[in-house]
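K.L.:
structure for this input, please:
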Amino acid sequence: MEAVNKNIVISAAADGIGWCITKSLLDNGYTVYASDINQDKIDELNQHPLINNRLFVDYVNAGDANSVKNYFESFKLSSIDGLINNVGIAGPTGTMEDISVDDWNQTIETNLNSHFYFTKQAIPLLKKNKGGSIVNLSSTAGIFGFPLRTPYAASKWAIIGVTKSLAMELGKFNIRVNAICPGSVSGDRINRVIEAKAKSLNIPVSEVKEDFEGMVSLKTFVDKEDIANMALFLLSDQAHRISGQVMTVDGNTERMD
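P.N.:
Below is the predicted model:
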């Protein structure tokens, strides 16, 4: 495929939704600067046929400001066309009084502060590009309350606030900022969330999974590819007038309890 001559930075790109988005970007001709904290996955990606041509992969601790700063300095790009903030963890499952301070802080550091660290470094490069697109990965938990998952919900609600505020700040530079709110995405991560909730409530895993599916109008989980398709759209010129928006890809979540 002919390259579209656009450079995209994406965090947590070596697995899950991040890798699905990265593959879609590569398939559509983008050059991708990917980072992750999982060295084993990074080593796997370094065997990719497009490595050092249109795919560049590096280790970054997204929860550490200096690690992110050093990463941006290392690839020496004069400008970029887009940033995808994909870093996120599920965080602990439990009531507020049972959640440890360390678990709370880790969830906020990983899910929220990482977006700040990456965006802070990306903005000057987007300004030099005379515009671009920032895509933040939030969650339907950033729209609804989510009992037993308060740290996660708090971090994802905060991403919505960051998105809308940044869209106002950066609009005059032709930089668009939007958030994607996935629902329950099929895969290992949602399976672990379901298992943790079942354990916390002392009920069967199958009962929790059925309840999760019943929370959405379409009665099904979404796929990683659904999230990748939305990210591609928000990066594209087709979305050149879309900013400050919260794009749910969730089958229409009706409740989270």
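K.L.:
tell me the centre residue of this protein?
P.N.:
With distances taken as Cα atoms, centre = their mean, residue 86 lies nearest the centre of the chain, 2.3 Å away.
K.L.:
which residues touch that residue?
P.N.:
10, 11, 12, 13, 17, 18, 21, 137 (Cβ atoms under 8 Å, 6 or more residues apart in numbering). In this view, the C-beta of every residue, glycine as well, is placed from N, C-alpha and C.
K.L.:
what separation do you get for it and residue 219?
P.N.:
Spatial separation of residue 86 from residue 219 under the definition Cβ to Cβ, to the nearest Å is 27 Å.
K.L.:
that older thread, torsion angles phi and psi at the residue nearest to the centre of the chain?
P.N.:
The phi and psi values for residue 86, taken as degrees, to the nearest 10, are phi -110, psi -10.
K.L.:
just how off-centre is the longest strand along the chain within its chain?
P.N.:
If each strand of the chain is counted by residues according to DSSP state E, the longest one is strand 175-182. A distance of 10 Å separates the centroid of the chain from that of strand 175-182, by Cα atoms, centre = their mean, to the nearest Å.
K.L.:
what comes up buried for the helix or strand just after that strand?
P.N.:
Going down the chain from strand 175-182, the next helix or strand is helix 188-201, by DSSP states H and E. For helix 188-201, the buried set under the neighbour-count rule, 16 or more other Cβ atoms under 10 Å, comprises 189, 190, 193, 194, 196, 197, 198.
K.L.:
next, format those as TSV and append distance to residue 114 and pLDDT.
P.N.:
Rendered in TSV, the data for the buried residues of helix 188-201 read as follows (distance: Cβ to Cβ, whole Å; pLDDT from 0 to 100):
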residue	distance to residue 114	pLDDT
189	17	73
190	21	74
193	20	74
194	25	76
196	22	78
197	25	79
198	29	80
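K.L.:
just the pLDDT at the residue nearest to the centre of the chain, thanks.
P.N.:
What the model reports as pLDDT for residue 86 is 97.
K.L.:
can you list contacts of the host helix or strand of residue 118?
P.N.:
Here residue 118 is covered by helix 114-128, with elements defined by DSSP H and E. Where contact means Cβ under 8 Å, 6+ apart, the residues beyond helix 114-128 that reach it are 9, 11, 62-65, 68-69, 71-72, 77-83, 85, 87, 132, 134, 136, 159, 162, 166, 170, 173, 175.
K.L.:
so what angle separates the directions of the very next helix or strand once past that helix and helix 114-128?
P.N.:
Counting by DSSP H and E, the element after helix 114-128 in chain order, helix or strand, is strand 132-137. Angle of strand 132-137 versus helix 114-128, following axes from the mean of the first three to the mean of the last three Cα atoms, to 10 degrees, is 170 degrees.
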